[in-house]
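Participant: Pasting a predicted model and its sequence here:
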Amino acid sequence: MKKGVYLILLFVSFYGSFVCQSLNGYKYVYVPTLEYNDGTKDKWGISAKVINVLREKGFLVCTGDLNNCPYLKLIKENPCQYLRCEISHTNVYSGVNTVTVKMKNCEERYMYKQDGSAMGLSLQADYHKASNRAISNLKYMSYNFNSNYSPKFNYPYVEQTNENEDSFVKYLDNNTTDDIEGIYKYIKSSSADNHYKIGIKKYSYKYKGIILESSSSIWKVGEVKFILEPSAVKSMFSCKYFMGNKLEIETFASMPNIAMLEVTIPNDNSGGNSKSSFLKLYPSNVVSSNNNSSEGSHNQINKNWKGNGSGIIISTDGFLVTNNHVVDKMSDFEVEFKYNQEVTSFNAKLIKTDVTNDLAILKIDDEDFESFKSIPYNFKSRSADVGIEVFALGYPMALTIMGKEIKFTDGRISSKTGFQGDITTYQTTTPIQPGNSGGPLFDHNANLLGINSSGLKKDIADNVSYTIKTNYLINLIDVLPKPIPIPSSTWIASKPLTEQIKILSNYVVLVKVR
């Protein structure tokens, strides 16, 4: 054997032993499946390479949704024997492409970091070579799990309260609260992130974010996740934030609207910042405590109703669809729409929900309601093309500042997939505001394309809204106790848009909840 080759093998063996020693204390690894904007998953096989080499070495590997991992219970019992893998790559058609593989432990320390680069004739060739190089040290290591090498991490103390979700709901229902107070859900940036539900409550002049629900074994219900102190600028806060390992950082937070809180997290590894975002779940459609006198009547309305959404009637006997997040944790429902030429309110009852796809079916349950003769639109079950013109009908902020007249907005389908490549939704340029949730999205042939659900904030991107496709609504209808014929009328398809709006408005309802 040539001397140079011998030295290379000796170095590889030495470095592999070094990697082995640093990873011997870890038994479980979560490896995310790379997802792309076109809806494909791991199309270059990079995640699969990482998964295969780790399994070959003897690690217990979780993939897909971490909540469905067969080792999840053991991971929660032994969080410091667990590594989170992070995979990223460049996308250059002409030049060098790099694949990066990292693994982070319970102390938020990277225990493995390696890049692999390649420049070939195609992306497939680049990623094949680059990913092999990024996991080369894993290939050459000899792994033997030993719990003696696992980190012995003593988590810092954080304040413990007696709060839980029930106590928060009672507090919010029975007190005049600030806009920021409420129950929030942490928006995960990847499937590897832990799930949190946070309650924010005012203590003296500061606000405490308290754990109400957590998938992490480290965090318990009632513990304080962050403390916010108001600044001289409205909706900006100084923030004492406790990371996943309970280490404290000083940072700042902002509330760009009454539905979202964002905490800026300094990134020591890249030198940049990231954001932890929390979406407000309860109460919905909160009216600001500093409303002027002209809005006083809306305050009175909200004493009776907790919030509103929109809906679309899908059957002659009064079945209608809205979003699950509109009706979640509510027990009293009323729908209001133009009926026999007059705006009329009817009692409604909840029939079925689909939490995963954020859909819910209600039915008008009122002796004053008589069935419609027909439903004048058509369900489009095949995907609509990118670029087609679409419009939304709904009741945005109807109980607060925009009034109860139905609102029309229009735009185009900009993608067949939604947030982070979600195949269940369309991305559109149709403006959507709070209260539009559950309302319909039509094309100009009166085809129902889907149910409007959400949108991105303008400081992230302008005119980005998401609509749940009708396919997923059909799936929910199919499991109802009573069969419902899918609307298939085309008689208004050839009418001018203004006429379509007038007719369809009679079937779009304001959903009031409490």
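Facilitator: Here it is on my side, so go on.
Participant: ranges for the strands of the stretch 101-250 of the chain?
Facilitator: Using DSSP state E, counting those that start in this stretch, the strands assigned to the stretch 101-250 of the chain run over residues 110-118, 182-187, 196-203, 206-214, 224-230, 236-242, 248-257.
Participant: what's downstream of the last one, the next helix or strand?
Facilitator: What that stands for is strand 248-257. Scanning forward in sequence from strand 248-257 by DSSP states H and E, the next helix or strand is strand 260-266.
Participant: Alpha carbons of that following strand, in PDB - could you do that?
Facilitator: Output of strand 260-266 as PDB, limited to C-alpha atoms (Å, rounded to 0.1, in the frame of the first residue of the first chain):
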ATOM      1  CA  MET A 260     -49.700  36.900  16.100                       C
ATOM      2  CA  LEU A 261     -46.800  37.200  18.600                       C
ATOM      3  CA  GLU A 262     -43.200  36.900  17.300                       C
ATOM      4  CA  VAL A 263     -40.100  36.500  19.500                       C
ATOM      5  CA  THR A 264     -36.700  37.100  17.900                       C
ATOM      6  CA  ILE A 265     -34.200  34.400  18.700                       C
ATOM      7  CA  PRO A 266     -30.500  35.200  18.200                       C
END
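Participant: What mean pLDDT does it get?
Facilitator: For strand 260-266, mean pLDDT rounds to 88.
Participant: and what of stretch 196-210?
Facilitator: 94.
Participant: Touching that stretch from outside, list them.
Facilitator: 159, 161, 163, 165, 168, 171, 177-178, 180-186, 211-216, 219, 222-230, 237, 261, 278, 281 (CB atoms under 8 Å, 6 or more residues apart in numbering). The way it works is simple: take the backbone N, C-alpha and C, and place the C-beta from them, glycine included.
Participant: if we can go back for a sec, can the strands of the stretch 101-250 of the chain go into JSON lines with extra columns for mean neighbour count?
Facilitator: JSON lines is the format used below for the strands of the stretch 101-250 of the chain (neighbours: other CB atoms under 10 Å):
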{"stretch": "strand 110-118", "mean neighbour count": "17"}
{"stretch": "strand 182-187", "mean neighbour count": "20"}
{"stretch": "strand 196-203", "mean neighbour count": "21"}
{"stretch": "strand 206-214", "mean neighbour count": "21"}
{"stretch": "strand 224-230", "mean neighbour count": "20"}
{"stretch": "strand 236-242", "mean neighbour count": "18"}
{"stretch": "strand 248-257", "mean neighbour count": "16"}
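Participant: quick one, longest strand in the protein?
Facilitator: Counting by DSSP state E, the longest strand found in the chain is strand 342-354.
Participant: Mind giving me the packing neighbours of whichever helix or strand comes after it?
Facilitator: Per DSSP H and E, the first helix or strand lying C-terminal to strand 342-354 is strand 359-364. Applying 3 or more CB pairs under 8 Å, 6 or more residues apart in numbering; DSSP states H and E, one finds that strand 359-364 contacts strand 319-322, helix 324-327, strand 333-339, strand 342-354, helix 470-478.
Participant: how close does the closest residue to Gly120 other than its chain neighbours sit to Ala118?
Facilitator: Among residues not flanking Gly120 along the chain, Asp126 sits closest, at 5.1 Å (CB to CB, 6 or more residues apart in numbering). Counting by CB to CB, to the nearest Å, the gap from Asp126 to Ala118 is 5 Å.
Participant: Could you tell me which residues touch both of those two?
Facilitator: Common neighbours of Asp126 and Ala118 (CB under 8 Å, 6+ apart) are 96-97.
Participant: Which positions in the longest strand of the chain come out as buried?
Facilitator: Under the neighbour-count criterion of 16 or more other CB atoms under 10 Å, strand 342-354 has 346, 348, 350-354 buried.
Participant: what does it rub up against?
Facilitator: 318-320, 324, 327-328, 333-339, 359-366, 368-369, 404, 472, 475-476, 479-481, 511-512.
Participant: How about stretch 55-75?
Facilitator: 26-33, 47, 51, 54, 81-82, 138, 141, 143-145, 191-192, 195, 215, 217.
Participant: Also stretch 312-322?
Facilitator: Outside stretch 312-322, the residues touching it (CB under 8 Å, 6+ apart) are 309-311, 335, 337, 346, 348, 351, 359-365, 369, 371-375, 437-440, 448, 451, 473, 476-477, 480, 484-487, 507-509, 511.
Participant: In PyMOL, select just the buried ones from the residues you listed.
Facilitator: In PyMOL, this line selects whichever of these come out buried by 16+ other CB under 10 Å:
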select buried, resi 309+310+311+335+337+346+348+351+359+360+361+362+363+364+369+375+437+438+439+440+448+451+473+476+477+484+486+487+507+508+509+511
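Participant: my read: Asn164 touches Val221, true?
Facilitator: Yes. Here Asn164 reaches Val221: they are 5.6 Å apart, a contact under CB atoms under 8 Å.
Participant: For the two, list the residues in contact with both.
Facilitator: Leu212.
Participant: partners of the residue sitting nearest the centre point of the chain in the sheet?
Facilitator: Centroid check for the chain by CA atoms, centre = their mean gives Ile187 as the closest residue, at 5.2 Å. Listed by DSSP bridges, the beta-bridge partners for Ile187 are Ser277.
Participant: Provide a list of residues in contact with it.
Facilitator: Counted by CB under 8 Å, 6+ apart, Ile187 has contacts 277-279.
Participant: out of those residues, which one sits closest to Phe242?
Facilitator: Phe278 (14.1 Å; CB to CB).
Participant: what comes up buried for the helix or strand where Asn52 lies?
Facilitator: When elements are assigned from DSSP H and E, Asn52 belongs to helix 46-57. Across helix 46-57, burial judged by 16+ other CB under 10 Å covers 46-47, 49-51, 53-54, 57.
Participant: what angle do that helix and strand 110-118 make?
Facilitator: 130 degrees (axes from the mean of the first three to the mean of the last three CA atoms, to 10 degrees).
Participant: And the next helix or strand past helix 46-57?
Facilitator: strand 60-62.
Participant: Within the sheet, what are the partner strands of that next one, with directions?
Facilitator: strand 28-30 (parallel).
Participant: Now for the chain, the helix or strand with the poorest mean pLDDT.
Facilitator: helix 296-304 (a mean of 41; mean pLDDT, DSSP states H and E).
Participant: The helix or strand just after it pairs with which strands, parallel or anti?
Facilitator: Next helix or strand after helix 296-304 toward the C-terminus (DSSP H and E): strand 307-313. Here strand 307-313 is paired, per DSSP bridges, with strand 319-322 (antiparallel), strand 508-513 (antiparallel).
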